[in-house]
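Trainee: Coordinates only, no sequence provided:
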DNA sequence: CCCTGATTCGC
DNA sequence: GCGAATCAGG
C-alpha cells in the first residue's frame, strides 16, 4: 500500500480533524499508526498538539542504532545540563478540562449556588468556578450524587477519556 | 497496561 | 519516501 494523493489527503483531513494516529491508520487501512505518524511527520503536520515534547530529550545517535539492549536506555543524562525545566505553578484547585475543547461538550452551567469552601460537604459539588486566586472563586454547590465530588452536570464533563473517541472494535 | 505522539534509522 | 523499532509521557 502506497501513499497515493487521495490517501495523503485523507490522512491530512483525518489528522487535522483531531483523530489519533491509530484512528487515521484504521481509517486508511493497510497502514499502522507508525506509518501514519511517519507520514505525518514527513508532511510537516506533526505540530498538531504538543504532547510529549516537554523537554528536548536526547536524540538517538548512530551508536545506539545497533539494537540498544534497552538496559539503561534513556538514562543517559545528556541534556541534564540544559536545565530546561520550568517552574510548576502551584494550582490552588484542580481545573477540570471544561473549556479548551468546545468540540466535545459545551456544557453550560445553569445555576451556581456559590458554595464557599467552608460550606462544602460530602454531597456538595466541588466544581471550581472562576479562578482560584480570584475573589469570585466559588464552587458549584449543587448536590452531588453519593460520594461523588461533583454534581450530575460536572461529573460528566469532569470525566473525559484521555483520548476523545475510543475506536470502535470492528466485528469480524 | 493501555494508550498517545516523537524520533531515528535501515531499507 | 516509507515504516518498524523504540522512547517517553499520560
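Mentor: Thanks, I have the structure now. Computed from a predicted structure; not experimentally measured. Residues are numbered from 1 along each chain as shown, chains lettered A, B, ... in the order given.

Trainee: Name the next helix or strand following the worst-scoring helix or strand of chain A on mean pLDDT along the chain.
Mentor: Per-element confidence for chain A was summarised using mean pLDDT, DSSP states H and E. The lowest value among helices and strands belongs to helix A:62-65, with a mean of 40. If you walk from helix A:62-65 toward the C-terminus, the next helix or strand you reach (DSSP states H and E) is strand A:128-129.

Trainee: So residue A:12 sits against residue A:43, correct?
Mentor: Yes. Under the contact definition of Cβ atoms under 8 Å, residue A:12 touches residue A:43, with a separation of 6.8 Å. Bear in mind the C-beta positions are built from the backbone N, C-alpha and C, glycine included.

Trainee: Tell me who's in contact with residue A:43.
Mentor: Taking Cβ atoms under 8 Å, 6 or more residues apart in numbering, we find residue A:43 in contact with A:8, A:11, A:12.

Trainee: In those residues, which residue is surrounded by the most others?
Mentor: Counting neighbours by other Cβ atoms under 10 Å, residue A:11 comes out on top of those with 24 neighbours.

Trainee: for the strand or helix carrying it, packing partners?
Mentor: Under the criterion of DSSP H and E, residue A:11 resides in helix A:5-16. Packed against helix A:5-16 by the contact rule (3 or more Cβ pairs under 8 Å, 6 or more residues apart in numbering; DSSP states H and E) you find helix A:21-28, helix A:33-43.

Trainee: Go through the last one and flag the buried ones.
Mentor: Buried residues in helix A:33-43, counted by 16 or more other Cβ atoms under 10 Å: A:35, A:36, A:37, A:39, A:40.

Trainee: How about the helix holding residue A:11, which residues are buried there?
Mentor: The neighbour-count criterion (16+ other Cβ under 10 Å) identifies A:7, A:11, A:14, A:15 as the buried residues of helix A:5-16.

Trainee: does that helix come close to DNA strand B?
Mentor: No. Interface with DNA strand B: helix A:5-16 contributes nothing (Cβ under 7 Å from any atom of the strand), its closest point being 7.7 Å away.
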